[in-house]
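coords please:
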Amino acid sequence: MGGRVGLGAQSFDDLWIWDEIDNALPWYRKVSVDKMPAKYLICRRVPCNLDLEVSSEEELWKEHERLTGIFLEAWKKIRTGEARLNELPEAKLSLLDLSVELANRMLTHCNFCRWNCRVDRSNGTKYGTCQLGSQSRVGSYSHHRGEELVFRGTRGSGTIFFNSCSWRCSFCQNSDISHEKDSGLLVTSSQLSWMAWQLRMEGCHNINWVGGEPTIHLHTILEAISLLDWKKPDSKQLAYLEQVKSDGFLLHRGSVENASYEGEFNVPMLWNSNFYMSMETMRLLRCLMDVWLPDFKFGSDKCSIKLARTPFMWETVTRNHKLVNDWREDVVIRHLIMPNHVECCTKPVLEWIAENTPNALVNLIDQFHPDYACNPALPTYDPRYEEIARYPSDEEIEESYQYARKLGLRFEAVTFEKRVSTRLHSSARSVPE
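Below is the predicted model:
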């Protein structure tokens with residue numbers, strides 16, 4: 001058994017993890033190292049024939065459906081080598097522009113997520129569950145070193161944390177931004193695109209849209225993606241943004257290494273979400289996200305209502321997971337093992353994955369700790385959540401691992417990669433102590 005080579009001695013494309021997951025994320029991996037163009041670059045080549053200003057929303061959706069078919073065919077040809085990006089001329093008005101327009105239309109009767117609040121967030125006079133108007137705030141952005149190795153790699157995942165959330169988890173470990181709608185730095189779409197540009201230019205392997213919850217910022221995110229190019233912010237703008245940059249990783253600033261495909265700015269998009277999105281949001285994201293990182297928390301609506309005050313969870317989250325699977329997208333599914341919720345949450349979630357998305361990579365997380373409303377030491381503690389006011393026991397964690405193994409899930413490589421010092425051999429290793 002060979003020893004693991006230090007991360008600093010390897011390129012992202014040469015990490016041992018790719019052998020262990022048996023090429024489970026082929027598209028994302030190639031985009032990360034600029035062997036393929038990110039989806040948004042392909043979207044820019046799909047011409048839109050409508051006048052966006054005068055067309056009805058129904059007409060826009062019909063055009064989006066038509067252009068999605070054209071995109072998927074172009075994407076297939078690029079993946080298989082039948083076509084190259086530079087053979088497709090950039091459109092004056094594109095599928096990407098259409099997607100931005102649709103997100104802005106949706107904002108006026110907000111249906112970004114399953115709450116379907118239908119409030120007009122564009123004028124900020126009425127608010128839905130997320131309590132947001134049209135503005136977006138970022139709590140922090142950085143080279144995240146805590147994500148799975150396939151995302152953090154050697155230089156970190158380019159993570160942008162948005163404020164507010166569509167859920168109200170009693171155990172939220174990011175409650176300072178998830179439950180505070182006015183926290184963080186106010187950003188425009190242009191400023192958000194510069195954050196993404198900076199992180200990629202510093203060497204990040206992806207742009208990781210997260211929160212809080214990114215879904216409720218869909219309009220800002222899509223416009224930011226549409227603005228991505230080589231243009232960099234001036235020093236004044238950069239100083240403004242870096243008020244919330246939570247690391248000092250500046251080694252690769254200004255380098256085009258790991259940021260260019262056929263001369264264009266290139267970076268894979270990662271959607272890190274509770275997967276409570278509406279069907280319309282899923283349709284917009286399909287042509288723009290290169291890899292998905294859903295957080296599949298609860299095994300029933302009973303638990304999601306009790307612990308996160310969120311109804312319709314199961315039907316929504318399972319539908320969206322199934323869509324990503326049927327679309328044959330690259331995905332890593334996360335599930336957090338919670339105390340006293342192995343039978344009602346962990347096992348049903350793992351069973352559903354095994355039956356419906358058996359080839360997906362799964363990260364079975366044992367890092368739950370009592371926080372926010374379930375931590376007795378905090379002023380926010382609520383005794384109604386006493387059942388999860390502790391760490392999961394060793395027995396609960398081991399039972400979860402063994403159940404995942406019994407179901408034949410692909411969880412060991414991404415779940416245990418931080419715990420071992422030698423290369424994993426899934427068929428031979430035991431549950432770590």
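
quick check: buried residues in the helix or strand of the chain with the lowest mean pLDDT?
The element with the least model confidence among the helices and strands of the chain, by mean pLDDT, DSSP states H and E, is helix 175-178, at a mean of 81. The neighbour-count check on helix 175-178 (16 or more other C-beta atoms under 10 Å) flags 175, 177-178 as buried. (C-beta placed from N, C-alpha, C; glycine too.)

could I get the full set of strands for the protein?
Secondary structure of the chain (DSSP state E): strands located at 136-144, 157-162, 185-187, 207-210, 260-261, 264-265, 269-273, 291-294, 332-336, 361-365.

Val324 and Arg286: what is the separation?
In this structure, Val324 and Arg286 are 9 Å apart, going by C-beta to C-beta, to the nearest Å.

tell me which of those two has more neighbours.
Neighbour count, other C-beta atoms under 10 Å: between Val324 and Arg286, Val324 has more, with 23 against 17.

quick one: low-confidence parts of the stretch 301-433 of the chain?
420-433 (pLDDT under 70).

all helices for it, in order.
Counting by DSSP state H, counting those that start in this stretch, the stretch 301-433 of the chain has helices at residues 301-308, 313-326, 347-356, 394-406, 412-416.

could you single out the most deeply buried of those?
Mean neighbour counts were taken over those using mean count of other C-beta atoms under 10 Å, and the top value, a mean of 23, falls to helix 412-416.

got the CA coordinates for it in PDB?
Once non-C-alpha atoms are left out, helix 412-416 reads as follows in PDB (Å, rounded to 0.1, in the frame of the first residue of the first chain):
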ATOM      1  CA  GLU A 412     -16.100   5.700   2.000                       C
ATOM      2  CA  ALA A 413     -13.600   7.600  -0.200                       C
ATOM      3  CA  VAL A 414     -15.200  11.100   0.300                       C
ATOM      4  CA  THR A 415     -16.300  10.400   3.900                       C
ATOM      5  CA  PHE A 416     -13.000   9.100   5.300                       C
END
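
re earlier: what are the contacting residues of the least confident helix or strand of the chain?
When contacts are defined by C-beta atoms under 8 Å, 6 or more residues apart in numbering, helix 175-178 is touched by residues 139-140, 161-165, 167, 169, 172, 183-184, 211-213, 371-372, 380.

go again with 6 Å.
Surrounding helix 175-178, the residues in contact under the criterion C-beta atoms under 6 Å, 6 or more residues apart in numbering are 139, 161, 163, 165, 172, 183, 212, 372.

just to revisit the earlier point, any idea which of the strands of the chain gets closest to Tyr385?
The closest of the strands of the chain to Tyr385 is strand 332-336. By C-beta to C-beta, the value is 14.9 Å.

what's in contact with the closest one?
Applying C-beta under 6 Å, 6+ apart, the external contacts of strand 332-336 come out as 293-296, 349, 360-365, 368.

hmm, which two among these are most spread apart?
Within these, two members stand farthest from each other by C-beta to C-beta: Ala360 and Phe368, at 21.2 Å.

between these two, which has more neighbouring residues?
Ala360 (23 against 20).

residue contacts, that one?
Listed by C-beta under 6 Å, 6+ apart, the contact set of Ala360 reads 331, 333.

from Gly408, how far out is it?
When distance is defined by C-beta to C-beta, Ala360 is 12 Å away from Gly408.

what do you get for Trp18?
If you measure Trp18 against Gly408 using C-beta to C-beta, the figure is 21 Å.

count of neighbours near Glu87?
A total of 12 residues lie near Glu87 under the criterion other C-beta under 10 Å.

which one is Trp75 nearest to, not counting chain neighbours?
Distances taken as C-beta to C-beta, 6 or more residues apart in numbering place Ile42 nearest to Trp75, at 5.7 Å, with adjacent residues excluded.

ok, the one you found - how many residues close by?
The tally of other residues near Ile42 (other C-beta under 10 Å) stands at 25.

pLDDT score for it?
The predicted local confidence for Ile42 comes out at a pLDDT of 98.

hang on, the earlier thing: out of the buried residues of helix 175-178, the closest to Tyr385 would be?
For Tyr385, the closest of these turns out to be Ser175, at 13.0 Å, with distances computed as C-beta to C-beta.

any idea how far that closest one lies from Leu378?
If you go by C-beta to C-beta, the gap between Ser175 and Leu378 works out to 10 Å.

equivalent analysis for Asp290, please.
Here Asp290 is placed at a distance of 38 Å from Leu378 (C-beta to C-beta).

same thing with Arg390?
Counting by C-beta to C-beta - Arg390 and Leu378 are separated by 14 Å.

give me the pLDDT for Asn258.
Each residue has a pLDDT score; the one for Asn258 is 70.

got the contact list for it?
Remark: with contacts taken as C-beta under 6 Å, 6+ apart, Asn258 is in contact with nothing.

what count of nearby residues applies to Gly263?
A count of nearby residues for Gly263, using other C-beta under 10 Å, gives 10.

just the residues contacting the top helix by length along the chain, thanks.
Counting by DSSP state H, the longest helix found in the chain is helix 57-80. Surrounding helix 57-80, the residues in contact under the criterion C-beta under 6 Å, 6+ apart are 42, 46, 50, 83, 95, 98, 102, 105, 287.

in those residues, find the pair that's most separated.
By the measure C-beta to C-beta, the contacts of helix 57-80 have their two most distant members at Ala83 and Arg105, which lie 31.4 Å apart.

what's the local residue count around the spatially closest residue to Leu93 that is not a sequence neighbour?
Nearest non-adjacent residue to Leu93, counting by C-beta to C-beta, 6+ apart: Cys48, 4.7 Å away. For Cys48, the tally of surrounding residues (other C-beta under 10 Å) stands at 22.

cool, and the one 4 residues further on?
For Leu52, the number of neighbouring residues by other C-beta under 10 Å comes to 17.
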